[in-house]
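# Turn this into a model:
(chains A and B)
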Amino acid sequence: MTQLALGTPGFRNRAALRRRRAKSAVLVGLLTGAVVVAVGVLAWVLIYVAIQGIGALNLGFLTQTPPGNPAAAGGGFYNGIVGSLIIVGIAALMAIPLGIGAAIYLVEYGRGRFSGTIRFFNDVLIGIPTIVTGAFIYAIWVTRFGFSGFAGSLALAIVMLPLVTRTTEEMLRLVPNELREGSLALGATRSQTVMRVCIPTALPGIITGAMLAVARAMGETAPLLLTTLGNELFTEYNPTRRMSTLSLQIFDNAVTGFQEGQARAWAGALTLIAIVLIFTFVARFFGRRVRTSNA
Amino acid sequence: MADVNLAAPAHRVTAIIGPSGCGKSTLLRCVNRMHEIVPGARVDGRVMFGGQNIYDPDIDPGSVRSEIGMVFQRPNPFPTKSIFENAIIGVRLAKSAGDRKLDDIAESALRRAQLWDEVKDRLNKPAVSLSGGQQQRLCIARAVAVDPALLLMDEPCSALDPIATFKIEELIGEIADQYTVIIVTHNMQQATRVSQFTGFMTIEHAGEPGRLVEFGTTDQIFGSPAQPATEAYVSGRVG
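Okay, the predicted model is just below:
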């Protein structure tokens, strides 16, 4: 063994160290600023909506329909709440199973060019403006069968489908391949592996993705203007007829120009946020329960 | 990989040794048809098991895999399932739980994997709450719960510390009288400690197929190898 000549080690001197620390401080400062701005804007929106909406939000708001005269005070968005829940519910029933199924195919079965093409179109579908989706449903459905809650569900399902597919796909990809191999090596079939190992492992993420899609659909207004049109007069439970939704009522009341209408719009916005939050919490709680009891 | 011919004797431990990339794991994965799930993989030849060629087109790969258990390099218990469920999942998948109670199956599998005493009070805890060595023993329990005739182990200790390794080696010795074991390892000391038979595989150059150089009793391979390549490897001059 020969001794290696190391020379003077190239440790940083004090000036270089100070420069490096300064750079680091600037970067950390920028990143902290980005977080503060991002979270701050979100908090601002939430707090502002809460302050504006809380005044007009009461039991009557949740149980009554809007007054005939938009300048009148009082009344509520009960018909819009009902419409939103029904329309988004039907859309979710169509889009979530279909999207999860498509994602399972893409991750667990799909190979080669075909699934690559599907993935590409799915990404394109995510980017389509929702007013275009509404116009599409208007052209192929509303022109034949008229405005209805169900037409709105169709449009919202098209909005939700690529989101569900994409998030489920990403969650399934995060399932380590070792788990699939472990299951297959026990003699499980591919479908058993998917149902018993991959889906339970990815479930919390899949639920979060589905809830994001539901939240997105809840707030959509443009495609509904072209499909369900709205119904300010009474509460409609039949999705084959025109329905109101929370988002449409917020829009209608906000543009009236009357303070009373705008107050209702704020209360509606707060209600919308509350519904989405409640859904998300319930779904997460449920997902965790399923995950552990399935254990 | 090409020209691999070896016979693993029943109720014995057979070790496959050789340098990285020579195809040891691939060989192992051919024995329970796990190799074919890799896209682009191809298998020629026969693997005879219990008098049948497991590559017979009439044979379901799933049934092969439930007869031939496998333990992987890294512990891979199912994270959403409890210790108990991990131990018996193979039985559940095979839907053959009727004759014996699942509790008994779980207990006997965990005992054979020498994990029972450590987990008997927390069978419903998630499997990921165990340490790495315990997880690997749980994976062994999972594999033996379905009573496979043959157990394949792909470097089962390479992700474990020496004490966990020692426990697994000890348990391999214990279960060898009930099962036939084929273990891939790149740790030669481990091969001498746990196996009665050894096969040595190597590749001459990168990109060439891996070949089986020599197969014999472990004493013979390490004591008086017939091939110079084997001798060079086991004596530590190569690899």
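# rest of the way, CA atoms for contacts and neighbours
Fine.
# per-residue confidence at the residue most central in space within chain A?
Centroid-nearest residue in chain A: A:L212, 2.1 Å away (criterion: CA atoms, centre = their mean). With respect to pLDDT, A:L212 scores 89.
# Please identify which helix or strand holds it.
Using DSSP states H and E, A:L212 sits within helix A:199-219.
# Likewise for B:E174?
Per DSSP H and E: helix B:162-175 holds B:E174.
# Show me what that helix is packed up against.
Contacts defined by 3 or more CA pairs under 8 Å, 6 or more residues apart in numbering or on different chains; DSSP states H and E place helix B:162-175 against helix B:102-112, helix B:132-144, helix B:188-194.
# mean confidence for that helix?
The model assigns helix B:162-175 a mean pLDDT of 87.
# go on, stretch B:59-79?
For stretch B:59-79, mean pLDDT rounds to 88.
# any bit of it sitting next to chain A?
Yes - using CA under 8 Å from any CA of the partner chain, we find that stretch B:59-79 touches chain A at B:61-67, B:69-72, B:76-79.
# Using CSV, list the CA coordinates for that stretch.
Extracted in CSV, the C-alpha atoms of stretch B:59-79 (Å, rounded to 0.1, in the frame of the first residue of the first chain):
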residue,chain,number,x,y,z
ILE,B,59,-51.9,-26.6,-16.5
ASP,B,60,-53.1,-23.4,-14.9
PRO,B,61,-50.2,-21.2,-13.7
GLY,B,62,-52.2,-20.2,-10.6
SER,B,63,-52.4,-23.8,-9.5
VAL,B,64,-48.7,-24.3,-10.0
ARG,B,65,-48.1,-21.2,-7.8
SER,B,66,-50.3,-22.5,-5.0
GLU,B,67,-48.3,-25.8,-5.0
ILE,B,68,-45.0,-24.0,-5.1
GLY,B,69,-44.6,-21.3,-2.6
MET,B,70,-42.3,-18.3,-3.0
VAL,B,71,-40.5,-15.9,-0.6
PHE,B,72,-39.1,-12.8,-2.1
GLN,B,73,-36.0,-10.7,-1.6
ARG,B,74,-37.8,-8.0,0.2
PRO,B,75,-40.5,-8.7,2.7
ASN,B,76,-43.8,-8.0,1.0
PRO,B,77,-46.7,-8.6,3.5
PHE,B,78,-50.0,-7.0,2.3
PRO,B,79,-50.0,-3.7,4.1
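# where do the helices sit along the stretch 51-200 of chain A?
Under the criterion DSSP state H, counting those that start in this stretch, the stretch 51-200 of chain A contains helices at A:59-63, A:78-104, A:112-127, A:130-137, A:143-145, A:149-173, A:177-185, A:190-193, A:199-219.
# right, so those: which one is the most enclosed?
Highest mean neighbour count of the helices of the stretch 51-200 of chain A: helix A:149-173, a mean of 26 (counted as mean count of other CA atoms under 10 Å in any protein chain shown).
# which strands and helices sit next to that one?
Contacting helix A:149-173 under the criterion 3+ CA pairs under 8 Å, 6+ apart are the following elements: helix A:78-104, helix A:112-127, helix A:130-137, helix A:199-219, helix A:222-225.
# Looking at those, which is nearest to chain B?
helix A:199-219 (5.8 Å; CA to the nearest CA).
# contacts for the closest one?
Contacting residues not belonging to helix A:199-219 are listed as A:84, A:88, A:92, A:96, A:156, A:159-160, A:163-164, A:167-168, A:171-172, A:174-175, A:247, A:272, A:276, A:279-280, A:283-284, A:287-288, A:291, A:294, B:79-80 [CA atoms under 8 Å, 6 or more residues apart in numbering or on different chains].
# about what we covered before: chain A is nearest to which of the helices and strands packed on helix B:162-175?
helix B:132-144 (6.9 Å).
# Show me what residue of chain B gets nearest to chain A.
Here chain B gets closest to chain A at one residue, B:K81, 3.7 Å apart by CA to the nearest CA.
# Could you tell me how many residues sit around that residue?
By other CA atoms under 10 Å in any protein chain shown, the residues close to B:K81 number 25.
# Also the one 4 residues further on?
By the measure other CA under 10 Å, the count of residues near B:E85 is 24.
# Just want the angle from the helix or strand containing it to helix B:132-144.
B:E85 belongs to helix B:83-94 when assigned by DSSP H and E. Here the directions of helix B:83-94 and helix B:132-144 differ by 30 degrees (axes from the mean of the first three to the mean of the last three CA atoms, to 10 degrees).
# For helix B:83-94, list the C-alpha coordinates in PDB.
C-alpha atoms of helix B:83-94 as PDB (Å, rounded to 0.1, in the frame of the first residue of the first chain):
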ATOM      1  CA  ILE B  83     -50.900 -10.300  10.600                       C
ATOM      2  CA  PHE B  84     -53.600 -13.000  10.900                       C
ATOM      3  CA  GLU B  85     -55.000 -12.200   7.400                       C
ATOM      4  CA  ASN B  86     -51.600 -12.200   5.900                       C
ATOM      5  CA  ALA B  87     -50.900 -15.600   7.300                       C
ATOM      6  CA  ILE B  88     -54.100 -17.200   5.900                       C
ATOM      7  CA  ILE B  89     -54.600 -15.300   2.700                       C
ATOM      8  CA  GLY B  90     -53.400 -18.100   0.500                       C
ATOM      9  CA  VAL B  91     -56.000 -20.400   2.100                       C
ATOM     10  CA  ARG B  92     -58.700 -17.800   1.500                       C
ATOM     11  CA  LEU B  93     -57.700 -17.400  -2.100                       C
ATOM     12  CA  ALA B  94     -57.800 -21.200  -2.700                       C
END
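# any idea of the angle it forms with helix A:177-185?
Using the same axes, to 10 degrees, helix B:83-94 lies at 50 degrees relative to helix A:177-185.
# Give me the pLDDT for residue 20.
Here I'm looking at chain A. Per-residue confidence at A:R20 stands at 90 (pLDDT).
# The intended chain is chain B.
Listed pLDDT for B:S20 reads 81.
# do B:D147 as well
84.
# so what's it closest to, chain neighbours aside?
Closest residue to B:D147 apart from its sequence neighbours, by CA to CA, 6 or more residues apart in numbering or on different chains: B:E67 at 7.5 Å.
# Now the terminal residues of stretch B:52-62, how far apart.
With CA to CA, to the nearest Å as the measure, stretch B:52-62 spans 15 Å from end to end.
# related to what we said a few turns ago, between the residues of stretch B:59-79 next to chain A, identify the one with the most neighbours.
B:M70 (33 neighbours).
# Give the helix, strand or coil label for that residue.
Of the three states, B:M70 takes strand under DSSP: H, G, I helix; E, B strand; the rest coil.
# from what I can see it touches B:P156, true?
No - if you go by CA atoms under 8 Å, B:M70 and B:P156 don't touch, sitting 9.7 Å apart.
# Tell me who's in contact with B:A191.
B:A15, B:I16, B:I17, B:T185, B:T198, B:T218.
# Out of the residues you listed, which sit inside helices?
B:T218 (DSSP state H).
# Output the contacts of B:A191 in TSV; the columns should cover neighbour count and distance to A:V26.
Converted to TSV, these look like this (neighbours: other CA atoms under 10 Å in any protein chain shown; distance: CA to CA, whole Å):
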residue	neighbour count	distance to A:V26
B:A15	28	57
B:I16	27	56
B:I17	27	54
B:T185	24	50
B:T198	27	60
B:T218	22	63
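# Report the two of the contacts of B:A191 separated the most.
Taking CA to CA as the measure, the contacts of B:A191 span a maximum distance of 13.3 Å, between B:T185 and B:T218.
# Can you classify the most centrally placed residue in chain B by secondary structure?
With distances taken as CA atoms, centre = their mean, B:M153 lies nearest the centre of chain B, 1.5 Å away. Following three-state DSSP, B:M153 is assigned to strand.
# Export the helices and strands packed on helix A:149-173 as a markdown table, with columns for distance to B:L138.
Putting the helices and strands packed on helix A:149-173 into a markdown table (distance: least, CA to CA, whole Å) gives the following:
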| stretch | distance to B:L138 |
| --- | --- |
| helix A:78-104 | 28 |
| helix A:112-127 | 36 |
| helix A:130-137 | 50 |
| helix A:199-219 | 18 |
| helix A:222-225 | 53 |
